[in-house]
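Here is the input, now give the coordinates:
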Amino acid sequence: MPQNETKTTTDKALSLLAFFDDKHDWIGLTDLAKRAGFDKASTLRHASALVRAGLLQQNPSHKKYALGAEILRLARLREQHFPFQALIAPVLQDLTERTGETCHASLLNPRGLATIASVESPKSTRVHMETGFVAPLHGSASGLIYMAYSSEEQVKDWLSKPLVAWTPYTETDPERVGDLIKQARANGIGESNRGVEIEVYSQAVPVFDKERRPYATLAVVTPFSRATPEAKARTAQALFSASLRLTQQLGGLTPPDFQRLAETQLAKNLPDAPSPLAPSFETRLPAA
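Sure thing, here's the model as predicted:
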């Protein structure tokens, strides 16, 4: 089999793993095929290969699939050598304490940016983030800032795919999304104004690897009603600080333009955040 065809088959098989999350632990063949956009025969072939590799397991009674034990072994090895979860927890906790809002970290997956950790706001009115929630690159603050520091070839590929409107405010025109990406690069921070969920505003920054490429994202999500100019400025300052801290802890290098933007933001003297009382209300971002 030609090498490019082999890679395509492998990519298709591995893409099935992205559809398992907190809300979908067991998925049937028909549902998996529908989610992946494959025919059932191809999906069965790919899923069977993943079962043989231990990346999926199949229940002998109802025949549905779940993530296999090999995932756990690989996750433990990953965390042992690259302790991202251990490093991210105190950073997110500090972000939430500084902003008073829900904060989360995301990593790229085949469908967008997947939430891998979060700390919820202590306020009664807050946004709840599900671990495993996958945000669209074109509609989320995390996605826009991730693309802002990615290569032109990657961005072109991402924007060539259908851009789905998650809300009436989601930008789906590739040219306009390109403008938002440029704006995120100029500011060093991504913003999403109700682009993923109708009542949610978010800001995000990248975390960089040793090649100065985006490795992960950090985001603060808040009810739209609390996204005042003062709150946005305080959040931006906290996010820049968190990005520099985590990038350094991971052994990454910050691009010069981002470093300058961060230093400018951190030099500003901003007033302390007020603590208004709010009615009990929770906005949830469900797992995709």
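
Could you give me the buried positions within the longest helix seen in the chain?
Selection of the longest helix in the chain by residue count, based on DSSP state H, yields helix 229-249. Using 16 or more other CB atoms under 10 Å as the test for burial, helix 229-249 gives 231-232, 234-247, 249. All C-beta spots, glycine's among them, are computed from the backbone N, C-alpha and C.

For that helix, name the packing helices and strands.
Helix 229-249 sits against helix 84-99, strand 200-208, strand 214-223, helix 256-266, with contacts defined as 3 or more CB pairs under 8 Å, 6 or more residues apart in numbering; DSSP states H and E.

Now with 10 Å, please.
Other helices and strands packing on helix 229-249, by 3 or more CB pairs under 10 Å, 6 or more residues apart in numbering; DSSP states H and E, are helix 84-99, strand 102-109, helix 141-148, strand 190-193, strand 200-208, strand 214-223, helix 256-266.

count of residues packed around the residue lying closest to residue 165 once chain neighbours are set aside?
Once flanking residues are discounted, residue 165 sits nearest to residue 172: 5.2 Å by CB to CB, 6 or more residues apart in numbering. If you count neighbours by other CB atoms under 10 Å, residue 172 ends up with 15.

Next, residue 172: secondary structure please.
Three-state assignment for residue 172 (DSSP: H, G, I helix; E, B strand; the rest coil): coil.

Could you tell me what pLDDT the model assigned to residue 288?
Per-residue confidence (pLDDT) for residue 288: 40.

Could I have the CA atoms of stretch 213-229 written out in PDB?
Only the C-alpha atoms of stretch 213-229 are listed here, as PDB (Å, rounded to 0.1, in the frame of the first residue of the first chain):
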ATOM      1  CA  ARG A 213       4.800  27.300  18.600                       C
ATOM      2  CA  PRO A 214       1.500  27.100  20.400                       C
ATOM      3  CA  TYR A 215       1.400  24.000  22.700                       C
ATOM      4  CA  ALA A 216      -1.700  24.700  24.600                       C
ATOM      5  CA  THR A 217      -4.100  27.500  25.500                       C
ATOM      6  CA  LEU A 218      -5.300  29.100  28.700                       C
ATOM      7  CA  ALA A 219      -8.700  30.700  28.800                       C
ATOM      8  CA  VAL A 220     -11.000  32.600  31.100                       C
ATOM      9  CA  VAL A 221     -14.800  32.200  30.500                       C
ATOM     10  CA  THR A 222     -17.400  34.500  32.000                       C
ATOM     11  CA  PRO A 223     -21.100  35.200  31.700                       C
ATOM     12  CA  PHE A 224     -21.500  37.800  29.000                       C
ATOM     13  CA  SER A 225     -23.100  40.300  31.400                       C
ATOM     14  CA  ARG A 226     -19.800  40.500  33.400                       C
ATOM     15  CA  ALA A 227     -17.500  41.200  30.400                       C
ATOM     16  CA  THR A 228     -17.000  44.900  31.100                       C
ATOM     17  CA  PRO A 229     -14.000  46.700  29.800                       C
END
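
Rounded mean pLDDT for it, please.
According to the model, stretch 213-229 has a mean pLDDT of 94.

cool, and stretch 70-85?
Here stretch 70-85 scores 73 as its mean pLDDT.

Also stretch 44-63?
Stretch 44-63 comes out at a mean pLDDT of 91.

okay, now the closest residue to residue 106 other than its chain neighbours: neighbour count?
Leaving out its chain neighbours, the residue that sits closest to residue 106 by CB to CB, 6+ apart is residue 113, at 4.0 Å. Using other CB under 10 Å, residue 113 has 27 neighbouring residues.

Can you name the next helix or strand after the host helix or strand of residue 113?
Residue 113 is part of strand 112-119, with elements assigned from DSSP states H and E. Where DSSP H and E defines the elements, the next helix or strand beyond strand 112-119 is strand 125-129.

Paired strands for whichever helix or strand comes after that next one, with orientation please.
For strand 125-129, the succeeding helix or strand toward the C-terminus, using DSSP H and E, is strand 134-135. Applying DSSP bridges to the sheet, strand 134-135 is found paired with strand 112-119 (antiparallel).
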